[in-house]
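*Asks:* below is the sequence, then the predicted model.
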Amino acid sequence: MNAMGDSRLQGGLAILNPEHTELLKALDETFTRWALDAGARELCAPPLYAVEDLKKFDVYVNFPHLSLVAGPLRVTPNLASDDGRFRPEHLASVHLGLPTATCFGAYLFFEGHQVSAETVVTLVNRCFRGEDHFDGLRRLLSFQMREIVALGSYAHTQYILACFAGRIENFCRALSLEFVKEAATDPFFERGGSRALLQEVQAVKHEFQVDGLAIASVNTHRNFFGERCRITTGSDGGLAFTSCVAFGLERWISVLVNRHGSAERALEEVHRAAAHLQPL
């Protein structure tokens, strides 16, 4: 059944049906409105970056098992293969990387620049993770992530996280989603380095989990990305601190449809819950 019926899921890739698409757009509009209410400006990022750019963030050191890369084809006779794959000799180069997180675009946008102490931006992008298994809309190879990114002073980055953590909790309650907030880790930092050791004693990532699935997270990076992209703040040229709030949009669809029985009913609940939240 798929004449405008179920979403198409194959190999970790999803083509959302009209109902799921409408729900995803409503969720993204809600999260974007929260960001704009907090003073964010919106960025539009590409779905892939130069490998040299992603290397700055230790992507290929810390996330090699998740990373996907791409490059142009070398045009040769008999290019097409019978098994649906291109072989290494068919590739002219592999110099493009597919991001595992949306926020990378924000740090690259501000690379080499000074930002104000209270900078906030928001962006949505396709993210790609070569997981060891896929599970419906809960775990995909390619998915959409909306992020709200704070740059500037450390106090500012923590204030943004606190504001949005509270908003996520209230939104989940309004949607009748039972959630747990759990500390988690992300290996953004060099293994064995001082930042990695700090992460062990001070949680830098908290996930909001529903039915065992992380649907949102709040993350503090201290000045890791400020250092890697030479982003400064203030007249003294000090490195900018950063933090981000992330929403996995397809994951929200999964838990909401499971909770409310249909995408149509979930959409009604999203509109109702969003309308009743107090402004930031």
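*Replies:* On my side now, so go ahead. Numbers count the residues shown, from 1 in each chain.
*Asks:* so Ile227 belongs to a strand, correct?
*Replies:* Wrong residue type there; residue 227 is Glu, not Ile. No: under DSSP: H, G, I helix; E, B strand; the rest coil, Glu227 sits outside any strand and is assigned helix.
*Asks:* what's the closest non-adjacent residue to it?
*Replies:* Leu239 (5.3 Å; C-beta to C-beta, 6 or more residues apart in numbering). For the C-beta atoms, the positions are set from N, CA and C on the backbone; glycine is no exception.
*Asks:* let me see the contact set for the one you found.
*Replies:* Residues near Leu239 by C-beta atoms under 8 Å, 6 or more residues apart in numbering: 223, 226-227, 231-233.
*Asks:* swap in His65?
*Replies:* Contact analysis of His65 by C-beta under 8 Å, 6+ apart lists 130, 132.
*Asks:* mind doing that once more with 7 Å?
*Replies:* For His65, the contact set (C-beta atoms under 7 Å, 6 or more residues apart in numbering) comprises Gly130.
*Asks:* that one: helix or strand, and which one exactly?
*Replies:* His65 belongs to no helix or strand when assigned by DSSP states H and E.
*Asks:* what's near enough to touch the closest residue to Cys229 other than its chain neighbours?
*Replies:* In space, Cys229 comes closest to Glu111 once its chain neighbours are excluded; the distance is 4.1 Å by C-beta to C-beta, 6+ apart. Going by C-beta under 7 Å, 6+ apart, Glu111 touches 229-231.
*Asks:* which SS class is the residue in the chain sticking out farthest from the centre?
*Replies:* No residue in the chain sits farther from the centre than Pro77, which is 39.7 Å out by C-alpha atoms, centre = their mean. Following three-state DSSP, we place Pro77 in the coil state.
*Asks:* any idea how far it lies from His90?
*Replies:* 11 Å (C-beta to C-beta, to the nearest Å).
*Asks:* before we move on, the earlier item: any chance of the contacts of Glu111 in CSV, plus neighbour count and distance to Leu43?
*Replies:* Listed next are the contacts of Glu111 as CSV, based on neighbours: other C-beta atoms under 10 Å; distance: C-beta to C-beta, whole Å:
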residue, neighbour count, distance to Leu43
Cys229, 24, 14
Arg230, 15, 18
Ile231, 26, 14
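*Asks:* number of nearby residues for the nearest residue to Gly238 once chain neighbours are set aside?
*Replies:* Counting by C-beta to C-beta, 6+ apart, Gly238 lies nearest to Thr232, which is 6.3 Å off, once chain neighbours are set aside. For Thr232, the count of nearby residues is 18 (other C-beta atoms under 10 Å).
*Asks:* need the pLDDT of Thr232.
*Replies:* Looking at Thr232, its pLDDT is 97.
*Asks:* how much space is there between Phe57 and Gly130?
*Replies:* With C-beta to C-beta as the criterion, Phe57 and Gly130 are 17 Å apart.
*Asks:* how about Lys205?
*Replies:* Where Gly130 is concerned, Lys205 sits at a distance of 21 Å (C-beta to C-beta).
*Asks:* tell me the SS of Thr119?
*Replies:* For Thr119, the assignment made with three-state DSSP gives strand.
*Asks:* list the contacts of it.
*Replies:* With C-beta under 7 Å, 6+ apart, Thr119 has these contacts: 150-152.
*Asks:* next one: Leu151
*Replies:* Residues counted as contacts of Leu151 (C-beta under 7 Å, 6+ apart) are 110, 115, 119, 231, 240, 242.
*Asks:* ok, 10 Å please
*Replies:* Contacts for Leu151 (C-beta atoms under 10 Å, 6 or more residues apart in numbering) come out as 106-107, 110, 113, 115-121, 157, 160, 221, 225-226, 229, 231, 233, 240-244.
*Asks:* surely it forms part of a strand?
*Replies:* Yes: per three-state DSSP, Leu151 lies within a strand segment.
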